[in-house]
Structures are given as C-alpha cells and as structure tokens.
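> Need the 3D shape of this:
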Amino acid sequence: RNGLFMGLRSLNHLSVETSTDIIEEDVWKDLIRLKYLSLGLKNIRNIPDHIFDSLTSLENLTIVELDLSMEDFYIPMQGQHSGTGFLQRHQLWSPLQRLKSLHIFVQRSSDLYFGPAFKNLTNLDSIQIGSSISGPINFNVQMFLPLLVSLNRLDLRISTTIDIETDSISIEAGLLMSLEHLQELDIPWIPFSSIMDVLPELRHTQI
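Here you go, the predicted structure:
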C-alpha cells in the first residue's frame with residue numbers, strides 16, 4: 001500500500017515478494033537512497049507507470065514474475081511494437097537513470113522487448129533475462145535494439161531454470177554481432193548445434 005516504507009530514507013537494500021494483484025504507485029515513497037531492489041510479484045503488467053519515480057538512486061533491480069493464474073496467462077498478448085509492453089513503458093523506466101544492472105524473469109517471452117526508454121539509461125550495462133512456459137524464446141536484435149551499443153554483460157541462463165525444452169531457446173543470427181561492446185555472455189545449457197552458427201559473431205564483440 002502507499003507509504004508502506006515511509007520514513008526509511010536511509011534504506012539501501014530491499015527484497016519484497018507479494019501475491020497481491022495490485023501494487024500502489026507510491027509504495028516506494030521516501031526510499032530515495034535505495035540502491036538494490038528485488039521484487040517478486042504475480043503479474044508484471046499490473047505495475048503502475050510511476051512506481052519507480054522516487055527511486056532515483058537505484059542501481060540494481062531484480063523483478064521476478066511469479067506463477068500466473070490461468071486467467072492472467074491467457075489475456076491477449078501485447079505486440080512487442082505496441083509501446084505498451086512491460087519493457088516498453090517510458091514512464092515506468094525513465095526515472096531509473098542510475099540503474100546499472102537489471103535482472104528480470106517473466107512468464108511470457110513477448111514481455112522481453114526493450115523499449116526506447118532504455119536508450120537513455122546510459123549506466124545500464126548488465127542484463128540477466130529469461131522467460132518460462134510461453135516458449136519458444138528467440139533472442140534477437142529487435143529485442144535488444146536500444147541496448148546494442150551499451151550492453152557489456154548479457155546473461156540468458158535463467159531461461160533454463162524452469163522445466164522447459166532447451167531446444168525451444170535460440171539466438172538469432174546478427175544479435176551477437178550487433179552487441180559490439182559485449183564483454184561477457186552467459187548462454188543457457190542448450191545443444192551446441194543450436195548456437196554453433198552464431199558463435200563466430202563473437203569476434204565482433206569485446207569478448
């Protein structure tokens with residue numbers, strides 16, 4: 001609820017997990033020195049646009065979408081170019097100017113397309129992402145478009161922490177080549193045959 005952490009201005013590390021459907025917009029009010037936030041919640045699409053407005057010092061953010069109800073899971077998919085997807089909402093992400101590291105695990109792979117707001121998060125150089133049960137997951141250039149020139153570390157391994165078929169995970173040709181500043185890449189435990197064609201692209205990175 002709003003003001004739940006009121007007065008905790010010196011707090012710099014917070015882990016929260018909730019099963020509620022709605023998170024209030026001002027729940028983090030007063031947490032102006034918070035640097036690390038780990039948030040587990042039921043449905044990421046219920047996160048209000050201005051929930052991060054007061055977290056101007058945040059450097060590390062972890063968001064884990066917990067198991068969805070059948071009703072939540074089968075709501076219509078939002079197109080990755082609609083501008084309304086979870087990672088495309090400008091008002092949600094633009095306040096996080098000091099963000100350095102983002103770890104995100106969602107239930108729908110369609111929620112893994114980064115929007116234009118991330119181009120302005122110039123300190124963000126490390127991303128760990130994954131999805132479950134709505135495979136296949138195809139990691140491609142369009143998914144990371146605003147981050148191609150800034151990303152130093154990319155970790156895709158959490159896509160295999162759930163019991164899903166590893167051959168449903170793929171890396172599209174052209175992605176690794178486009179990540180020209182990449183210094184570290186963590187790949188899921190998937191058949192070598194499914195990535196052998198794209199691995200030569202790493203010579204275009206800083207790995």
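> what about T122, distance to H90?
Using Cβ to Cβ, to the nearest Å, T122 is found at 16 Å from H90. Backbone N, C-alpha and C define where each C-beta goes, glycine included.
> whoops, M177 was the one
In terms of Cβ to Cβ, M177 sits 28 Å off from H90.
> Just to check, P116 is in contact with H90?
Yes - P116 is within contact range of H90, at 6.8 Å (criterion: Cβ atoms under 8 Å).
> quick revisit: more neighbours, M177 and H90?
Shown here are M177 and H90; by other Cβ atoms under 10 Å, M177 has more neighbours (17 against 13).
> Would you agree the more buried one falls within a helix?
Yes - residue state for M177 (DSSP: H, G, I helix; E, B strand; the rest coil) corresponds to a helix.
> how about the helices of the protein, start to end?
Taking DSSP state H as the test, the helices found in the chain are 70-73, 90-93, 175-178.
> where among those helices is the average confidence lowest?
Sorting the helices of the chain by mean pLDDT places helix 70-73 lowest, at a mean of 47.
> Now do the strands in this structure.
With strands called from DSSP state E, the chain shows them at 13-17, 36-41, 60-65, 101-106, 126-131, 137-139, 153-155, 169-171, 184-186.
> which residues does the residue positioned nearest the centre of the chain bridge with?
Nearest to the mean C-alpha position of the chain, counting by Cα atoms, centre = their mean, stands I104 at 3.7 Å. Note on I104: beta-bridge partners by DSSP bridges are I63, I129.
> Tell me the predicted confidence for it.
Residue-level pLDDT assigned to I104 equals 93.
> just the one 5 residues further on next, same as before
S109 is assigned 80 on the pLDDT scale.
> For L37, give the beta-bridge partners.
Note on L37: beta-bridge partners by DSSP bridges are L14, L61.
> most distant residue from the middle of this structure?
G7 (28.8 Å).
> Find the nearest non-adjacent residue to that residue, please.
D30 (6.0 Å; Cβ to Cβ, 6 or more residues apart in numbering).
> Just to check, the one you found is in contact with L8?
Yes - under the criterion of Cβ under 8 Å, D30 makes contact with L8 at 6.2 Å.
> Now do the shared contacts for those two.
Contact criterion Cβ atoms under 8 Å, 6 or more residues apart in numbering; residues shared by D30 and L8: none found.
> Any stretches of the protein with poor pLDDT?
1-3, 68-84, 133-135, 159-167 (pLDDT under 70).
> that older thread, compare the strands of the chain and give me the one nearest I23.
Minimum separation from I23 across these (Cβ to Cβ) falls at strand 36-41, 6.6 Å.
> Please list the residues outside the closest one that contact it.
12-18, 20, 23, 28, 47, 55, 58-66.
> And that strand, what's buried?
With burial defined by 16 or more other Cβ atoms under 10 Å, the residues of strand 36-41 counted as buried are L37, L39, L41.
> That'll do, ta.
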